[in-house]
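Colleague: Model the following, please.
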Amino acid sequence: MGDGRVITLETGVLAKQADGSVTVRMGDIILLATVVATKEAREGIDFLPLQVEYREKFSAAGRFPGGFFKREARPSDHEVLTSRLVDRALRPLFPDDFHGDTQVVITLMSTDKKNHSDSLACLAGAAALAVSDIPFGGPVSEVRVSRINGQFKVNPTMEESAEADLDLIVAATENDILMVEGEMKEVQEADMIEAIKVAHEAIKVHCRVLNELSAAVPKSQVKRTYEHENKNEALEKKIFDFCYQRYYDLAMKPSAKEERSANFGQVKEDCLATLSEEELADKAMLNRYFKKAQKKAVRNVVLDHGVRLDGRKSTDIRPIWCEVDVLPGTHGSAIFTRGETQAINLLTLGSSLDEQTIDLATRKGSEDFMLHYNFPSFSTGEVRPIRGPGRREVGHGNLALRALKPVIPQGEENPYTIRLNCDILESNGSSSMATVCSGTLALMDAGIKITAPVSGIAMGMISDGKRHAILSDILGDEDFLGDMDFKVTGTAKGITATQMDMKVDGLPYEVLAQALEQARQGRLHILDEMLKTLDKPREDYKPHAPRIITFEVPKESIGPIIGPGGRVIQEIQAETGATISIDEVDGKGIVEIASEDKSSIDAAVARVKAIAFPPQAEVGANYKGKVKTIMPYGAFVEVLPGTDGLLHVSELAWERIERVEDVLKEGELVEFQVTGKDPRTGKLKLSRRVLLPKPEGYVEREQNGERRERRDRPRRERSDDRRPPRRDRD
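Modeller: Modelled structure (predicted):
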């Protein structure tokens with residue numbers, strides 16, 4: 001690692017029946033990676049059915065899984081995202097004609113809870129492939145690079161990453177960059193390129209070690225042979241000669257997505273009509289040849305004439321329209337439409353009780369900002385069963401979340417838990433960037449005081465090795481036909497997130513710099529269009545949005561506010577209608593009170609503060625409180641929150657009361673006056689009768705008082721008052 005940390009690779013000990021198996025160790029982090037591929041491809045398969053699975057064992061950290069089920073189940077979003085990072089690095093390096101089912105499984109077996117284990121996942125997967133006989137164009141590896149206090153560091157610790165203003169995962173071979181993904185705090189394009197270069201130097205060392213490992217394993221020196229594709233060069237030429245020029249001519253004429261698909265489909269049908277039954281037998285081979293001819297024609301039109309499928313120039317952005325406050329029941333909403341891509345974003349505000357619990361093997365905590373991306377099948381005019389979110393949806397949502405997270409205010413400026421729920425209503429390229437743009441507008445519509453608006457753009461590239469065409473705001477077809485998919489998000493000041501996938505080898509850094517500059521200009525144009533709809537956050541939240549008050553209380557008052565078994569706080573919530581949470585932070589109690597009704601919040605704040613900062617009851621003052629407990633001799637009544645007093649049975653009314661229950665019930669509110677304190681117990685003495693009108697001609701109380709006064713005199717002073725003996729009464 002160059003900083004004293006050593007990475008060790010070992011094979012031939014564990015999981016020996018897999019085609020390739022390696023353990024990767026750095027300190028107490030141990031990953032087991034295996035790979036298995038079938039010798040033959042399934043019938044009709046014309047792609048690589050690759051599965052990359054990254055899993056973390058809770059036992060690796062000496063922990064039980066949270067929740068009811070105490071075993072690992074479906075993968076967490078973190079595991080899905082790590083699997084995607086590895087997949088995107090490995091997939092481009094398999095041979096184009098290799099279609100055997102292939103599965104790479106990477107398992108975290110041990111962790112030190114200090115270093116990022118996901119930074120080593122690609123190295124582990126690539127090492128398993130390196131010692132196998134599976135055809136693969138590696139070696140490849142990936143590292144995390146962060147900038148901390150102006151200095152770049154490769155594979156920083158978790159603590160160091162928390163302080164970084166740039167955090168990237170970079171995958172590469174010894175010669176070429178394959179994949180980049182990460183988040184930044186409004187950094188410049190040149191800084192991002194420098195980070196990629198630093199990461200690549202570290203990856204080169206990994207690749208050289210992987211070559212040495214592969215050379216030490218005899219099995220890996222002879223890769224398996226396979227014939228997963230039927231080939232017919234004469235048929236390929238026949239299809240190319242018939243279709244190429246027709247495809248080329250169609251690509252020169254601007255058209256919408258459906259029209260373009262129909263036109264290309266007609267060329268295919270016309271060509272199929274010229275083929276014999278024998279030539280029509282292998283549909284997978286035919287489809288491959290048609291796609292190849294179409295791809296070459298469209299790419300050449302762009303390189304020869306600078307004309308794109310919809311007629312735009314390489315730097316042009318599709319027409320944009322936006323609308324905010326489109327759904328009155330939400331706390332914020334926005335629609336963003338760019339060309340044939342449309343996203344609607346719904347924002348919900350909540351309290352800290354709505355935070356998402358994070359329970360991973362390597363991390364435990366909570367998140368107060370969530371973004372969920374949904375891609376229903378109708379957005380592309382298709383029919384599919386509705387299932388849970390797939391890996392693509394998790395990945396796109398995470399990219400949009402990373403893009404917006406740096407501008408979300410923290411602390412007192414934003415007491416809310418925020419959830420953005422984005423549905424893609426139409427899709428023809430770059431729906432994840434539409435999610436970012438609609439998310440910015442929804443945040444501002446909700447009144448969240450973001451530090452700056454964020455926009456995003458998807459870039460593409462077409463290259464023949466000599467000529468390069470950088471395409472702004474790519475279509476879905478251009479993504480499929482191109483050599484690069486490069487998404488960049490940011491504010492007017494700098495980049496906040498990026499995701500890049502390369503499909504060709506040897507992208508020069510100067511071409512990457514050109515793409516970043518063109519992306520900067522494009523996203524600034526998109527940002528200007530967005531701000532025409534809403535140029536800053538609204539001054540206030542929606543009328544029906546929850547209001548949240550946060551304040552500090554002494555640490556020692558946390559217990560009384562919660563009460564035995566949560567009784568006090570539950571009672572306050574039930575009576576006021578507000579939601580209350582309280583936590584200890586840095587030796588202080590932090591109280592959060594939320595409600596859509598201001599009077600509800602005010603009532604809850606008053607109750608909580610009265611417990612935390614109890615006022616002193618005044619003798620002679622009148623109060624109204626709840627009857628807490630009834631005893632034979634009186635009732636204990638709440639004078640102030642946390643302060644009770646005794647309302648003696650003799651002080652309930654002017655007339656004699658036999659049973660307290662005849663006048664009061666537990667939980668009832670009663671008015672009374674504080675008349676003093678018991679000198680022995682310090683308890684407040686209360687009276688209800690002093691607030692009631694005295695009955696006309698009433699004298700009994702004074703007589704009783706006279707007798708009580710005599711009883712209180714010393715015995716010797718009362719001797720003259722004693723009655724005479726019975727014998728003297730006559």
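Colleague: When you work out contacts or count neighbours from here on, use the C-alpha atoms and nothing else.
Modeller: Fine.
Colleague: Identify the residues contacting residue 543.
Modeller: residue 596 (CA atoms under 8 Å, 6 or more residues apart in numbering).
Colleague: Name the SS class of the spatially most central residue of the chain, please.
Modeller: The residue lying closest to the centre of the chain (CA atoms, centre = their mean) is residue 370, at 3.8 Å. What DSSP: H, G, I helix; E, B strand; the rest coil gives for residue 370 is strand.
Colleague: again, but for residue 654
Modeller: Strictly by three-state DSSP, residue 654 counts as coil.
Colleague: Next, the contact list for it, please.
Modeller: Residue 654 touches 689, 692, 694, 695, 701, counting by CA under 8 Å, 6+ apart.
Colleague: which non-adjacent residue is nearest the third one?
Modeller: Taking CA to CA, 6 or more residues apart in numbering, and ignoring the residues beside it in sequence, residue 694 has residue 654 as its nearest neighbour in space, at 6.6 Å.
Colleague: again with the fourth one
Modeller: Beyond its immediate neighbours in the sequence, the residue positioned closest to residue 695 (CA to CA, 6+ apart) is residue 654, lying 7.4 Å away.
Colleague: what sits opposite residue 25 in the beta ladder?
Modeller: For residue 25, the beta-bridge partners under DSSP bridges are residue 8, residue 30.
Colleague: ok, how many other residues are close to it?
Modeller: Residues lying near residue 25 (other CA atoms under 10 Å) number 21.
Colleague: Just confirm it contacts residue 5, I think it does.
Modeller: No: with contact defined as CA atoms under 8 Å, residue 25 does not count as touching residue 5 (10.3 Å).
Colleague: Residues touching stretch 403-415, excluding its own?
Modeller: Under CA under 8 Å, 6+ apart, the answer for stretch 403-415 is 183-185, 351, 369, 436, 439-440, 448-454, 489-490, 496-498, 548-550.
Colleague: pLDDT (mean, whole number) over that stretch?
Modeller: Per-residue pLDDT over stretch 403-415 has a mean of 90.
Colleague: same check, this time on stretch 357-371
Modeller: On average, stretch 357-371 scores 88.
Colleague: what's the span of that stretch, first residue to last?
Modeller: Start to finish, the residues bounding stretch 357-371 are 14 Å apart (CA to CA, to the nearest Å).
Colleague: what's in contact with it?
Modeller: Contacts of stretch 357-371 (CA under 8 Å, 6+ apart): 56-61, 63, 65-66, 76, 111, 113, 352, 354-356, 397-398, 400-401, 405, 416-422.
Colleague: picking up where we left off before, could you identify the most distant pair in the contacts of residue 654?
Modeller: 692 and 701 (14.2 Å; CA to CA).
Colleague: So the residue nearest to residue 99 when sequence neighbours are not counted: helix, strand or coil?
Modeller: Using CA to CA, 6+ apart and skipping residues adjacent in sequence, the residue nearest residue 99 is residue 48, 4.5 Å away. At residue 48 the chain is in coil, as set by three-state DSSP.
Colleague: Residue 48 contacts residue 92, doesn't it?
Modeller: No: counting by CA under 8 Å, residue 48 stays clear of residue 92, with 9.9 Å between them.
Colleague: What average pLDDT does the helix or strand containing residue 105 get?
Modeller: Element membership for residue 105, per DSSP states H and E: strand 102-110. Averaged over strand 102-110, pLDDT sits at 96.
Colleague: Mind listing residues that contact that strand?
Modeller: Against strand 102-110 from outside (CA under 8 Å, 6+ apart): 28-38, 48-57, 59-61, 117, 121, 124-125.
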